[in-house]
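In: Give me a model of this one.
(chains A and B)
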Amino acid sequence: MATRRSIFFNPLSKNNPITVQVLGICSALAVTVKLEPAIVMALSATVVVASCSVVISFLRNTIPLRVRFIVQLVVAAAMVTVVDMILKAFAYDVSKQLSVFVGLIVTNCILMGRLEAFALCNKPLDSFLDGLGNGLGYGIMLVIVAFFRELLGSGTLLGFQVIPQALYDAGYMNNGLMILPPMALITVACIMWIHRLKDKTLQEK
Amino acid sequence: MGDILSLFFESIFIENMIFAYFLGICAFFAVSKNMETSIGLGIAICFVLVITLPINYLLHKYVLKSGALIWLGEEFAAVDLSFLSLLIFIAVIASITQIVEMIIEKYAPALYTSLGIFLPLLACNCAIFAGSLFIQERNFPNIGHAFVYALGSGIGWLVAIVGLAAVRQKLTYSNIPAPLRGFGITFITVGLMAIGFMCFLGL
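Out: Model prediction:
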């Protein structure tokens, strides 16, 4: 059972998809201006990665090697379409904010990477745990980045004012730079820096 | 005419795929270590964008959009196939990259050996897929706009990756704090480049 546990927990920190494997950053950077879309995005990505992993893992012995890319993409696109429609039905505002980025989960490198590297050669249950772990690892990073960007950039969290008015009266200003796209990269870089400072084995020479 | 020209420059500089939307950035980080391969990948992306985006545009306009099937007859006017768009776009992209790969292999072996490995990988590059989705979202009036947009985005991507590759080659000689080495410093570099590109906003 120890191995199953490590399949699930490794991607959360030691082998985090964003800070260590450096996959799936495209969407991670674009949706993290506010906390709410980031959480929705994290959940949708987790659902898609976990369910696609299971499907591909069941199909793994029947997929011819040469066309596996197309099969994986079609399975992913089908799952994402379902998630996209659910979001449009139940969380229309957020799905408007996320615009094309829900659709982009199809080409998210985490998804393709996990399907290629894990689901194609492992049993369904293990693949499910792996997909779930990677989705959550990705989600945690998204939420951390979005937390700092929303707090420092707009002074709110989930739309509620967090920084008291008294501070603004005393001359505090929101950091407008945090809302702009480039700061997402720099925030992720700072998280990587701290992460690698704690875990020396991850450092590159 | 001026309309098309401004769309072209807008897609290169202001709405640069990498610096404004962070699309196709996984391959961008993985490949930009070396100047030659990054030019190769940039050209490959341009190529596939220019071919797939107009095709997806036509599919969107004549098959997928709600009421788009009206050319088949009156009774098709109410058909809305837009829920199929993700599936169809990705299928088109995957098959086009395969075809392009085979054509290049047959007729331009020299180009094939320089791009070869990247071509199949382009099927799952976000930049190309996102290009298709943006085209769907923006509703361009005709195929010329879609073509220009594809070309502009491709060139923008090429400019970005060549710029980063140049910076990274210099970075190998500098003394960076150990935890920041590798991806950390690259992220910060791209962030600074993106801030630089924002000055084109007033163009």
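In: rest of the way, CA atoms for contacts and neighbours
Out: Fine.
In: Tell me the confidence at B:Leu151?
Out: B:Leu151 carries a pLDDT score of 91 in this model.
In: What sits closest to it if chain neighbours are left out?
Out: B:Val50 (5.6 Å; Cα to Cα, 6 or more residues apart in numbering or on different chains).
In: Ok, B:Ile128 next?
Out: Among residues not flanking B:Ile128 along the chain, B:Leu49 sits closest, at 5.8 Å (Cα to Cα, 6+ apart).
In: Might one say that that neighbour is in contact with B:Gly154?
Out: Yes - here B:Leu49 lies in contact with B:Gly154, judged by Cα atoms under 8 Å, at a distance of 6.4 Å.
In: Spell out for me which residue occupies the centre of chain A.
Out: Residue closest to the average C-alpha location in chain A (Cα atoms, centre = their mean): A:Tyr138, at 3.4 Å.
In: Quick check: next helix or strand after the one helix or strand that residue maps to?
Out: If you go by DSSP states H and E, A:Tyr138 is part of helix A:124-154. Using DSSP H and E, the helix or strand that follows helix A:124-154 towards the C-terminus is strand A:156-157.
In: hmm, who's touching that following strand?
Out: A:Lys34, A:Leu35, A:Phe147, A:Glu150, A:Leu151, A:Val162, A:Ile163 (Cα atoms under 8 Å, 6 or more residues apart in numbering or on different chains).
In: so what's A:Gln161 bridging to?
Out: Counting by DSSP bridges, A:Gln161 is bridged to A:Thr156.
In: and the closest residue to A:Gln21 other than its chain neighbours, helix, strand or coil?
Out: Nearest non-adjacent residue to A:Gln21, counting by Cα to Cα, 6+ apart: A:Asn15, 6.6 Å away. With DSSP: H, G, I helix; E, B strand; the rest coil as the basis, A:Asn15 sits in coil.
In: Quick check: A:Asn15 vs A:Glu150, distance?
Out: Taking Cα to Cα, to the nearest Å as the measure, A:Asn15 falls 26 Å from A:Glu150.
In: So between these two, which is more surrounded?
Out: A:Glu150 (23 against 16; other Cα atoms under 10 Å in any protein chain shown).
In: Just give me the neighbour total for the closest residue in space to the more buried one that isn't next to it in sequence.
Out: Sequence neighbours aside, A:Lys34 is the residue nearest to A:Glu150 in space, at 5.2 Å (criterion: Cα to Cα, 6+ apart). Using other Cα under 10 Å, A:Lys34 has 24 other residues around it.
In: Does A:Lys34 touch A:Phe160 like I think?
Out: No - between A:Lys34 and A:Phe160 no contact is recorded; they are 11.2 Å apart, counting by Cα under 8 Å.
In: picking that back up, summarise which helices and strands the helix or strand containing the residue nearest to B:Leu151 is packed against.
Out: B:Val50 belongs to helix B:35-59 when elements are defined using DSSP H and E. The contact analysis (3 or more Cα pairs under 8 Å, 6 or more residues apart in numbering or on different chains; DSSP states H and E) places helix B:35-59 against helix B:25-31, helix B:85-107, helix B:109-115, helix B:118-121, helix B:126-138, helix B:143-171.
In: dump the residue contacts of B:Phe9.
Out: Residues near B:Phe9 by Cα under 8 Å, 6+ apart: B:Gly152.
In: Please report how far it lies from A:Asp93.
Out: Distance from B:Phe9 to A:Asp93, by Cα to Cα: 31 Å.
In: re earlier: any chance of the contacts of strand A:156-157 in CSV with pLDDT as columns?
Out: Converted to CSV, the contacts of strand A:156-157 look like this (pLDDT from 0 to 100):
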residue, pLDDT
A:Lys34, 82
A:Leu35, 85
A:Phe147, 88
A:Glu150, 85
A:Leu151, 85
A:Val162, 76
A:Ile163, 77
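In: Mark which of the residues you listed are buried, thanks.
Out: A:Lys34, A:Leu35, A:Phe147, A:Glu150, A:Leu151, A:Ile163 (16 or more other Cα atoms under 10 Å in any protein chain shown).
In: Contact residues of chain B facing chain A?
Out: Residues of chain B found near chain A (Cα under 8 Å from any Cα of the partner chain) are B:19-26, B:83-84, B:86-87, B:90-91, B:94, B:124-126, B:129-130, B:133-134, B:178-185, B:187-188, B:190-192, B:194-195.
In: at 6 Å what do you get?
Out: B:22-23, B:25-26, B:86-87, B:124, B:126, B:179-181, B:184, B:187-188, B:191, B:194-195 (Cα under 6 Å from any Cα of the partner chain).
In: ok, of those, which come out buried?
Out: Judged by 16+ other Cα under 10 Å, buried ones among the residues of chain B next to chain A: B:22-23, B:25-26, B:86-87, B:124, B:126, B:179-181, B:184, B:187-188, B:191, B:194-195.
In: So which of these sit within helices?
Out: B:Ile25, B:Cys26, B:Leu86, B:Leu87, B:Cys126, B:Gly184, B:Phe187, B:Ile188, B:Gly191, B:Ala194, B:Ile195 (DSSP state H).
In: Can you tell me how far the residue lying closest to the third one once chain neighbours are set aside is from B:Gly24?
Out: The reference is to B:Leu86. Leaving out its chain neighbours, the residue that sits closest to B:Leu86 by Cα to Cα, 6+ apart is A:Ala77, at 5.9 Å. The gap separating A:Ala77 from B:Gly24 is 18 Å, by Cα to Cα.
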